[in-house]
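A.B. asks: 3D model of this:
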Amino acid sequence: MQRGLDQRLSHATTELLALTPARGRGQRQIESEAELVQQAQAILTAHRVEGLLTYQFERQAERQTRFIGRGRDRADRPTREIIRVRYHITAVTPQAEAIASVTRRFGWRVYATNAPLAELTLAEAVWAYRAEGLVKRGFHRLKGAPLSLDPLFVQRDDQVVGLTHLLSLAVRLLTLIEFVVRRTLRQNQEQLVGLHPENPKKGTATPTTARLLKAFNNINLTIIQLPQQQRILELLDLSPALYGALADHST
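C.D. replies: Below you'll find the predicted structure:
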């Protein structure tokens, strides 16, 4: 975090100083104070160093006298004065106290929980927070594929509550499948092979529920209602074994 802050401060300082280059060919000049402040603030915001750097600038005016109209220069020829204004950043200063205040908080985290201390100690809370990714994956499943709670295609409040409860049960089931399989693989010090079509020989000890269920995609179920069909076969002088062979072939 310290290294990242130092880099942001350095990059912001370089960009601020480069904002107002010296006059020269192809060098765009900032001619209004409002424009300078706006662009400088954008740099500070982009690098997240607002309040950590300040800059000083000055207004520079260059006066030129030019003759009016065409003709040869004469002492009595009328002239006009042209004033070219530019704003120039003269210095960028780190704010030591503000930077020190930020760095003092590096490495600290704030944990908030509604669980009483008797049920969840500080160490247990930290470990639970480290498993936050598993909880987020559950909510991702709930809102996206395969459960697709969002968007809701119901209108009444009781429908919203009921659908949420139903899909929450599905999330628990998907999570439980994944947990049990991974626990068993870990206990057996085993890896499951064949879940990755792009690499059939690849093994994994942490399969996802989606890949586990996809392994059952090639199973087909054939339901045969024999009484009526059997009589028709008898009328056709065909053997009912035709259906039995079909069922055997399906399995």
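
A.B. asks: residues near His47, how many?
C.D. replies: As a burial measure, the neighbour count of His47 was computed by other C-beta atoms under 10 Å and equals 20. For every residue, glycine as well, the C-beta is placed using N, CA and C.

A.B. asks: Kindly report the same for the one 10 residues further on.
C.D. replies: Counted by other C-beta under 10 Å, the residues lying close to Phe57 total 18.

A.B. asks: That one should be in a helix, yeah?
C.D. replies: No: when DSSP: H, G, I helix; E, B strand; the rest coil is applied, Phe57 is found to be strand, with no helix at that position.

A.B. asks: Which residue ranges of the stretch 101-250 of the chain form strands?
C.D. replies: In order along the chain, the stretch 101-250 of the chain carries the following strands (DSSP state E, counting those that start in this stretch): 192-193, 203-204.

A.B. asks: Export the ones you listed as JSON lines, with columns for distance to Ile83.
C.D. replies: As requested, the strands of the stretch 101-250 of the chain are exported to JSON lines (distance: least, C-beta to C-beta, whole Å):
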{"stretch": "strand 192-193", "distance to Ile83": "78"}
{"stretch": "strand 203-204", "distance to Ile83": "73"}
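
A.B. asks: out of these, nearest to Ala123?
C.D. replies: The closest approach between Ala123 and any of the strands of the stretch 101-250 of the chain, judged by C-beta to C-beta, belongs to strand 203-204 at 30.3 Å.

A.B. asks: ok now do Gln29, which residues does it touch?
C.D. replies: Going by C-beta atoms under 8 Å, 6 or more residues apart in numbering, Gln29 touches Thr20, Pro21, Arg23, Arg86.
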